[in-house]
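A.B. asks: Would you be able to build a 3D model of this:
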Amino acid sequence: MDLFKAIQSRRSVRAYEQRALEPGKLRIVLETACHAPSAGNLQAYHIHVVRDELLKRALAVAALGQEFLASAPVVLVFCAVPARSVKYGERGASLYCVQDATIAASYAQLAATGLGLATCWVGAFDESTVCRVLHLATGERPVAMLPLGYAAEHPLPTTRRDLKEAVIDRE
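C.D. replies: Numbering: from 1, shown residues only. The predicted structure follows:
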């Protein structure tokens, strides 16, 4: 699928078919995420691939009861790793690693859409619970979760702000 078509057609999907995800497609999504830009090319993130049903249910609870997370065949949890970007000081440790992880998640979403898969950005969750569920290393910070699978629903496009409202041209 063309990049611009993927951007235009991406939707937040909250219902997934009970159909296994092909390993090749998952690999392409992960490889694409790892090609995302990062501060100083430090790639200060980890991507946790969660397939285990109990772990997915625990992540849904951590996500404030967003049960659809557990219905996807795979949940990708993008975590910032501040230790990888500490060479840039406090800003690197507190911001650049978060930016790296979220850009990787964005690339993963577009790759998934391009492959005919569906996702939904989940940012509302209890960080400490996710850390405990996944036994994350000290300092590793979950910043986004993406359920990944085949859509069992096809949401309509949502409205977007007009460019005149969203863009401030400082010419």
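A.B. asks: mind listing the strands for this structure?
C.D. replies: Using DSSP state E, the strands of the chain run over 45-50, 74-80, 118-119, 141-149.
A.B. asks: Mind giving me the packing neighbours of the longest one?
C.D. replies: Taking 3 or more CB pairs under 8 Å, 6 or more residues apart in numbering; DSSP states H and E as contact, the helices and strands that strand 141-149 lies on are helix 68-71, strand 74-80, helix 97-114, strand 118-119, helix 127-134. In this view, the C-beta of every residue, glycine as well, is placed from N, C-alpha and C.
A.B. asks: And the last one, what's buried?
C.D. replies: Just to be clear, that refers to helix 127-134. Thr129, Val130, Cys131, Val133, Leu134 (16 or more other CB atoms under 10 Å).
A.B. asks: Among those residues, which one lies nearest to Arg10?
C.D. replies: Closest approach between the buried residues of helix 127-134 and Arg10, by CB to CB: Val130, at 23.8 Å.
A.B. asks: So for that closest one, what's the nearest residue that isn't a sequence neighbour?
C.D. replies: Pro142 (4.3 Å; CB to CB, 6 or more residues apart in numbering).
A.B. asks: hang on, that neighbour packs against Val75?
C.D. replies: No. If you go by CB atoms under 8 Å, Pro142 and Val75 don't touch, sitting 11.1 Å apart.
A.B. asks: Out of the helices and strands packed on strand 141-149, indicate the one that is most buried.
C.D. replies: Here the criterion is mean neighbour count by mean count of other CB atoms under 10 Å, and of the helices and strands packed on strand 141-149 the winner is strand 118-119, at a mean of 27.
A.B. asks: List of residues touching it?
C.D. replies: Applying CB atoms under 8 Å, 6 or more residues apart in numbering, the contact partners of strand 118-119 are 10-13, 16, 108-109, 112-113, 146-151.
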